[in-house]
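>>> Predicted coordinates and the sequence they were generated for:
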Amino acid sequence: MFKLFTTGFWEAIARLILRNKIFILIAIILATIFFSSQWKHMRFSSTEANLLPDDHAVNLVYNEFLEIFGEEGNLVVLGVKDSTLFSVKQLNAWNKLADSFKGYDEVEAVLSIKDLKKLVKNTEKVQFELEPFIKDSISSIEEVNKLQDELFNQYPFYDNFLFNAETKTIRTALYLKKDIINTPARKAFILNNLQEKVDAFEAQTGLDVRVSGMPYIRTLSSQSIIDEIPIFIGGALFVTSLIFFLFFRSFRATFISLVVVCIGVMWTFGILGILGYEITVLTALIPPLIIVIGIPNCIFLINKFQHEVKSHGNKVKSLQRVITKVGNATLMTNVTTASGFATFILTESTLLKEFGIVASLSILAIFTLCLLIIPIMYTFLPYPKERHLEHLNKRWIGAFVNWMESMVKNKK
């Protein structure tokens, strides 16, 4: 096994890469197109992250609970704490907002103060009857005052349900259908219907509506993950490319490295699509991780190429030595890194297994891309200019390395 990765092996790999560069580039382009076509199979997680194994005692008890009582966490609560709500216009608008949700297929039930009943004595029939606090709509301030008195003073058993007598907070409860809680339909309803109606109500009335409930929180959390993916990818690209450029002072080398890691990120999303895994809080970290791992690979290869070119001036020989000398070292570092992430596959958690599989495959993919694309691209480019090799003459780098070597040898 270890004899396989000898100098002769890497020399054969170098000849194979440099002699078949057109074919390899076409293969990479076709593979990238294939992986890009798999993005349509990517799915964003609609459930909360669960790192526990499926057979963990807590998960077993929770699943047993779901089998008996069904999916929990389907309640969304809207709340307002504002004295200006108790006016004819504002209170009617609040009740109208609650009624507007009753026509949606995703909503199982809506409870607002308009749906509350009070006991009224019927002397003619000698019985008690249930009547709503608000029969149709409120038309006068006297009705508002009467409603406040009934809610906050006469019917204490409703307290802390849809209102709070102490803080004068009014609430509306929305119960979503349990079969959509862990589906994209929940996200579509929360973002496209609920949030839009609440925003329109706030703009119309000037009231500050607070929204809570597990469906709402989980939807916003998953949406924040989706929104932060391009931010993390862009931030990782910017920081690593800036450091890369400050070291090499070459737009050409920086651009080639960015192309390599961008293709690596595209392959990562393609792997997610092929395997049918959801994008979770863990798998969303893999694209920035691939960028951070891919850029050092590019630095090793390009720095070795420039060092060899400066030494003897033969570009083809330099590219061969890049693959021969650096290929084995980068292979070992990337394989050990991939193996570290692959250990998550041994866990009993489905979420960690998926993260380990995608991360390890993506790390090996970015190594392969670096080893293939960088030497091939430099065969088409002209000889590096003198300013691109200036970093090799920086004395402070050599002095720092020599100081570190001296400290290790003599001050141990």
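Structure received. Numbering: from 1, shown residues only.
>>> Which helix or strand contains residue 102?
With secondary structure defined by DSSP states H and E, residue 102 is part of neither a helix nor a strand.
>>> so how many other residues sit close to it?
Residue crowding around residue 102 was assessed by other Cβ atoms under 10 Å; the count is 12. In this view, the C-beta of every residue, glycine as well, is placed from N, C-alpha and C.
>>> For it, give me the pLDDT.
Turning to residue 102, the model gives it a pLDDT of 87.
>>> where's it relative to residue 115, distance?
Computed with Cβ to Cβ, to the nearest Å, the distance linking residue 102 and residue 115 is 10 Å.
>>> count of neighbours near residue 172?
Applying other Cβ under 10 Å, we find 24 residues neighbouring residue 172.
>>> can you list the weak-confidence ranges in the stretch 251-400 of the chain?
Regions of the stretch 251-400 of the chain meeting the criterion pLDDT under 70 cover residues 313, 383-398.
>>> Now do the strands for it: every range, in order, please.
Chain-ordered strands for the stretch 251-400 of the chain, with DSSP state E, counting those that start in this stretch as the definition, fall at 278-279.
>>> any idea which element residue 210 lies in?
Once you assign secondary structure using DSSP H and E, residue 210 falls within strand 209-212.
>>> same question, residue 30
Taking DSSP H and E as the criterion, the element that holds residue 30 is helix 21-37.
>>> Grab the longest strand from the protein for me.
strand 169-176 (DSSP state E).
>>> before we move on, back to that, in the helix holding residue 30, what counts as buried?
By 16 or more other Cβ atoms under 10 Å, the buried positions in helix 21-37 come out as 21, 24, 28, 31-32, 35.
>>> can you give me the helices in the chain?
Counting by DSSP state H, residue ranges of the helices within the chain are 7-19, 21-37, 57-69, 88-100, 141-149, 184-188, 195-205, 214-248, 251-275, 286-312, 315-321, 327-342, 350-380, 395-410.
>>> Check the offset of the fifth one from the chain's centre.
Taking Cα atoms, centre = their mean, to the nearest Å, one finds helix 141-149 lying 48 Å from the centre of the chain it belongs to.
>>> Use 517 as the first number from now on
Happy to do that; since the first residue is 517 now, the last one works out to helix 657-665.
>>> want to throw the buried residues of helix 537-553 into JSON lines with pLDDT and distance to residue 663?
Below are these laid out as JSON lines (pLDDT from 0 to 100; distance: Cβ to Cβ, whole Å):
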{"residue": "537", "pLDDT": "88", "distance to residue 663": "80"}
{"residue": "540", "pLDDT": "93", "distance to residue 663": "76"}
{"residue": "544", "pLDDT": "94", "distance to residue 663": "70"}
{"residue": "547", "pLDDT": "95", "distance to residue 663": "67"}
{"residue": "548", "pLDDT": "95", "distance to residue 663": "64"}
{"residue": "551", "pLDDT": "93", "distance to residue 663": "61"}
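>>> Name the pair among these with the greatest separation in space.
Spanning the widest gap among those are 537 and 551, at 20.9 Å by Cβ to Cβ.
>>> the domain parsing of the chain - what is it?
Taking automatic domain parsing as the criterion, the chain consists of the domains 518-571+736-914, 590-728.
>>> Out of those, which is closest to residue 927?
Comparing the domains of the chain against residue 927 with Cβ to Cβ, the closest turns out to be domain 518-571+736-914 (19.0 Å).
>>> Can you check the pLDDT for the residue located most distally from the centre of the chain?
Farthest-out residue of the chain from its mean C-alpha position, per Cα atoms, centre = their mean: residue 640, at 64.7 Å. The predicted local distance difference test score for residue 640 is 75.
>>> that older thread, each with direction, which strands does the strand holding residue 726 pair with?
Paired with strand 725-728 in the same sheet, following DSSP bridges, are strand 591-596 (antiparallel).
>>> what's the offset of the strand it pairs with from the middle of its chain?
Taking Cα atoms, centre = their mean, the mean C-alpha location of strand 591-596 is offset from the chain mean by 26 Å.
>>> for stretch 728-736, same thing?
Average the C-alpha atoms of stretch 728-736, do the same for its chain, and the two points are 16 Å apart (Cα atoms, centre = their mean).
>>> So which bits of it are buried?
Across stretch 728-736, burial judged by 16+ other Cβ under 10 Å covers 729, 731-732, 734-735.
>>> what's it in contact with?
Counting contacts by Cβ atoms under 8 Å, 6 or more residues apart in numbering, the residues outside stretch 728-736 that touch it are 562-564, 589-593, 595, 690, 692, 697, 702-703, 706-707, 710.
>>> got it, and stretch 701-715?
Residues external to stretch 701-715 that are found in contact with it (Cβ under 8 Å, 6+ apart): 562, 592, 594, 613, 616-617, 620, 622-623, 690, 692, 696, 725, 727, 731-732, 734-736, 738-739.
>>> try stretch 532-544
Under Cβ under 8 Å, 6+ apart, the answer for stretch 532-544 is 779, 832, 835-836, 839, 885, 887-889, 891-892, 895.
>>> Let me know the distance separating residue 602 from residue 669.
14 Å.
>>> Those two: which is more packed in?
Using other Cβ under 10 Å, the more surrounded residue of residue 602 and residue 669 is residue 602, with 17 against 9.
>>> Can you tell me, leaving aside adjacent residues, what's nearest to the more buried one?
Closest residue in space to residue 602, ignoring its immediate chain neighbours: residue 660 at 5.4 Å, by Cβ to Cβ, 6 or more residues apart in numbering.
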